[in-house]
Structures are given as C-alpha cells and as structure tokens.
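In: the following comprises the amino acid sequence and a computationally predicted model.
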Amino acid sequence: MQLIMQLEIVLNNSNQECLQQNDTLSSIPDQSFALKDCPPCTYCNARRFQYEPPGLCCSSGQVVLVSNEMPSLLKQLFCEKDEVSRHFQACVRRYNNTFAFTSLGIHNYDKQLSRRNKGIYTFKVQGQMYHFINDLVPGDQPPKNLQLYFYDTDHEVENRIKGAERMNASVVENLIDVLGSNPYSQFFRNLKDISSLDDCNILIRSNASLDQRVYNMPTSSQVAATWVDEQDGSGQNNHDIRVFAKTGQSHSVKYNYGCYDPLQYPLLFPYGESGWHEGISKVPKSYQNNYSVCQGILQHRGFSSIQALLNKENENFVSQSKQNTVSCREYYAYSFQIRPNDQSMLLHSGRLFQQFIVDTYIKIEHGALPNQKKRMCTEGEDQENDNAPFKRIKKA
C-alpha cells in the first residue's frame, strides 16, 4: 500500500512538471519579432534602433569627432574574401600584437573561448587589462613591440614572425608599408640612427593636443620626443610617459591618455589617431540657448564666510567644465555608431574589434570607479549625520 502511494506521488509530480513545460513552450512566440525602422539621427546621421534612448550617439549634436579613411590595402585585408584576407582576419589579433608599440596584460583571460577551431570566437576577460611600454634596450631578451621598429631592421620581417605560428611574411611586409605613415612608427624608426641609445630616453606625449572635432592626424613631433641625459626635461608634462634605455621595468600607460589606443592598436589607428582623453571639448550650444551671464553668479546671502562662497563657485566651475567636455562613454558611443559612408572601417575589424570593445568597456568602468566611491562616501556621511540625533538621545 505504501509503495502504491509513493508511485502516485511520483506520477503527480511528473504530471505537474509536464504541465509546466507545456506552459513554457506555449509562451514562446511562433513568429519572429523585428525592430521597427527609425529615422537616423538628425545631428550625426547615425543609424538609430527602436527603443534606443535619444542622444545616445552624439548627445544631441554636442559630440563631433572627425574620422580618417582607412588605407586601401588595410581595408582590403579587413573586408575582402580572398585567401590572404581570410587568413589575416582569422589572425588579426596576432598581427596587431606584432606591430603594437605596447604589450598587453590581461587578468584571467579565457583562452578556450578564443580558439579559432572551437565554436564561436569570443574574447572574454575577467578583471583589468593593462598596456605596458618596454625599455628601449632589449637586454638579454629578443626585441619586441616598439623595439622591433629600430633594432635589426634589415631582418625586421624575420624578427616579427619569429616564434609566431601561421603568420604570412608577405602580409607583414604589406603592414610595414601601411604603417610607414604612422607617426609613432616614424619616430621609433628614427631611433636606429642614434649611435648609442644608452645615453637617451624618450618622451611619449599623453595626448597630441589636437582638436579632434576637425583634425586627428598627429605628426611624429607631436607624439614623442628624444632626450639625452644632459637635458633636464624641463618641458616635460607630468602626464607624459618617459621611457629610459634600460631599467628592467615596464612603464604603464594610463587609461585616460590619448596615446592609450594608438599605441596598442596600430591596425585600428594606422595614422596614430589619438583616442579619448580628458579635456576634449563639446560643440557649444550657445547659439541655441539664450544664456544670461548673471545666471551663474552666486549670491553671498546664505554663506557663512567668503571662503564658503569661493569653494561653492569653484565646485560649480569644475562641474560646468565636465559638462562642456566629452566623457569617455560619450566618446566611444559616438565612435561605435553605424553611419553611411563611414571610411574609418572600425566596425569591420572583426576579432580585433572584439578585443577593442572589451578594452574600452573596462576603460569606461575603471573611469567610473572614483565617482562611485565618492558617491558611497557621501551616502555614508549623510547616513551618519541622519543617525547623529539618535546617538545623542542614546547617550543622554
């Protein structure tokens, strides 16, 4: 009798599971859902999708960035379907790392998902991504990254494909020609004419100080400079990167430097175009809004001292400055849009674009951490102030 009751319970449970599965299957739509067509952005002509928030692409015309046309040979390698191009597209990350001026450090990189012969290619990391610059003198190790541009250039092709699987020598030769107009490549290649690098060090500018709204093709003199030990480097900016001949240590490139992207992704920025950095101006909207000069002036009433008034004015000035500059998110939201007749070909770079997107996402999240910490501290102080009367009552 007890066995029969247990069997009935099992059958009832199985019937309930079947009913739940049937309900789940019935809720699946039998017709595909297509997003409705939306008119393009009236400011930047970017393609818009249904449910996309307004102003995502260019902040309603406040963000404008110039783009350069990709070299024809590089465009062919990224887009064509011949055997050589397909090989390049499958190994594009390896080719980019071969010509990168910085080395890439990845925390907890999932190699299984990025295998070319196993499932869908996926670039996945957990944690941070770092960009490092090596010393000028290789030391006991074979030359790599920026050192390959001026060490043993007579055998440059052999040095670049040494130890790398499936790399095509003819593709490497073509990429050397393509990057001949890259300002970083031009600068580092000139170092081979220096008799002794042990007495020199180089200064890489954190950004080329170009107005990216109208022009973004820096020259070699705008991206780096050479120093000797006798010079004090008085013209050096604190944010610039100084690379010495031989220290045995790598130099980190900060995420908010304009040279962060072109040093690591020369195949995406073949002309050395600067990436995002602090201080890129938005397009002013003064011609749209009638703003009164007296509108931003604070009244002295309500402040206990002159210093409190000055602190508040400085706070308003910093806030207004941030509102007038392009944030990291706004910069790349503009760059990743689909626009007709886009000549940059950034969206066609395949697996290298996947890596660049992940790198960019980590950069945006890293830049948001200070604001989150500041907000948490402020909320903690407010909560402590709210609990202060209860503490006094408890003490009484």
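Out: Done, it's in.

In: isn't Val283 up against Ser60?
Out: No. Under the criterion of CB atoms under 8 Å, Val283 makes no contact with Ser60, lying 9.9 Å away. For the C-beta atoms, the positions are set from N, CA and C on the backbone; glycine is no exception.

In: those helices in the chain, which residues are they?
Out: Assignment of helices within the chain using DSSP state H yields the ranges 2-26, 72-79, 83-90, 92-99, 156-161, 169-178, 183-189, 220-223, 260-264, 306-323, 328-335, 350-395.

In: least reliable of these by average pLDDT, please.
Out: Of all the helices of the chain, helix 306-323 carries the lowest average pLDDT, namely a mean of 53.

In: quick one: low-confidence parts of the stretch 101-250 of the chain?
Out: Of all residues in the stretch 101-250 of the chain, those with pLDDT under 70 make up the ranges 108-119, 228-238.

In: ok, 80 please
Out: The stretch 101-250 of the chain contains residues with pLDDT under 80 at 107-122, 126-127, 139-140, 163-165, 195-199, 227-239, 246-250.

In: domain-wise, how is this structure divided?
Out: The chain breaks down by automatic domain parsing into domains covering 72-284, 291-323.

In: distance across the first one, terminal residue to terminal residue?
Out: Right, the one you point to is domain 72-284. Start to finish, the residues bounding domain 72-284 are 35 Å apart (CA to CA, to the nearest Å).

In: for Lys36, find the nearest of the domains of the chain.
Out: Comparison of those against Lys36 by CB to CB identifies domain 72-284 as nearest, at 28.2 Å.

In: how far off centre is the closest one?
Out: 14 Å (CA atoms, centre = their mean, to the nearest Å).

In: try stretch 331-349
Out: When distances are taken as CA atoms, centre = their mean, stretch 331-349 is centred 14 Å away from the chain's centroid.

In: picking that back up, including mean neighbour count and distance to Arg339, could the domains of the chain go into CSV?
Out: Formatted as CSV, the entries for the domains of the chain read as follows, by neighbours: other CB atoms under 10 Å; distance: least, CB to CB, whole Å:
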stretch, mean neighbour count, distance to Arg339
domain 72-284, 16, 16
domain 291-323, 10, 25
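
In: can I get those in a markdown table including distance to Ile357?
Out: Putting the domains of the chain into a markdown table (distance: least, CB to CB, whole Å) gives the following:
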| stretch | distance to Ile357 |
| --- | --- |
| domain 72-284 | 8 |
| domain 291-323 | 25 |
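
In: to His366, which of these lies closest?
Out: Going through those one by one, with CB to CB as the measure, domain 72-284 comes closest at 5.6 Å.

In: thinking again about what came up before, go through the domains of the chain and name the closest to Tyr361.
Out: The closest approach between Tyr361 and any of the domains of the chain, judged by CB to CB, belongs to domain 72-284 at 9.7 Å.

In: and the contacts of stretch 143-162?
Out: By CB atoms under 8 Å, 6 or more residues apart in numbering, the surrounding residues in contact with stretch 143-162 are 98-103, 133-134, 136-138, 142, 167, 169, 172-173, 176, 184-185, 188-192.

In: sorry, that was for stretch 342-357
Out: Applying CB under 8 Å, 6+ apart, the external contacts of stretch 342-357 come out as 67-70, 74-75, 78-79, 89-90, 92-93, 96, 121-123, 261, 265, 267-268, 335-336, 338.

In: kindly report the same for stretch 62-76.
Out: The contact list for stretch 62-76, computed with CB under 8 Å, 6+ apart, reads 44, 58, 78, 85, 174-175, 177-178, 181, 212-217, 267, 270-271, 273, 282-283, 285, 326, 330-331, 333-335, 342-346.

In: so what does Pro138 have for phi and psi?
Out: Main-chain dihedrals, Pro138, degrees, to the nearest 10: phi -60, psi -30.

In: leaving out chain neighbours, which residue sits closest to Asn324?
Out: Here the nearest residue to Asn324 in space, its sequence neighbours aside, is Lys282; by CB to CB, 6 or more residues apart in numbering that works out to 5.7 Å.

In: quick check: pLDDT value at that neighbour.
Out: The pLDDT attached to Lys282 in the predicted structure is 93.

In: that one and Leu197, how far apart?
Out: In this view, Lys282 and Leu197 are 42 Å apart by CB to CB, to the nearest Å.

In: with Ser67 instead?
Out: Between Ser67 and Leu197 the computed distance is 36 Å (CB to CB).

In: which residues touch Ser335?
Out: Residues counted as contacts of Ser335 (CB under 8 Å, 6+ apart) are 65, 67, 346.

In: cutoff 7 Å now
Out: Residues in contact with Ser335 (CB atoms under 7 Å, 6 or more residues apart in numbering) are 65, 346.

In: what's the answer for the one 5 residues further on, then?
Out: Pro340 sits next to Asn45 when contact means CB under 7 Å, 6+ apart.

In: what do you get for Cys328?
Out: Counting by CB under 7 Å, 6+ apart, Cys328 has contacts 276, 363-364, 367.

In: compare those and tell me which has the most neighbours.
Out: Comparing those by number of neighbours (other CB atoms under 10 Å), Trp276 comes first, having 26 neighbours.

In: neighbours around the nearest residue to that one once chain neighbours are set aside, how many?
Out: Taking CB to CB, 6+ apart as the measure, Trp276 lies nearest to Tyr331, with 4.1 Å between them; neighbours along the chain are not counted. Tyr331 has 20 neighbouring residues, counting by other CB under 10 Å.

In: next one: Ile28
Out: For Ile28, the number of neighbouring residues by other CB under 10 Å comes to 6.

In: same question for Thr325.
Out: By other CB under 10 Å, the burial measure for Thr325, its neighbour count, is 15.

In: Lys282 is in contact with that one, correct?
Out: Yes. Counting by CB atoms under 7 Å, Thr325 touches Lys282, with 6.5 Å between them.
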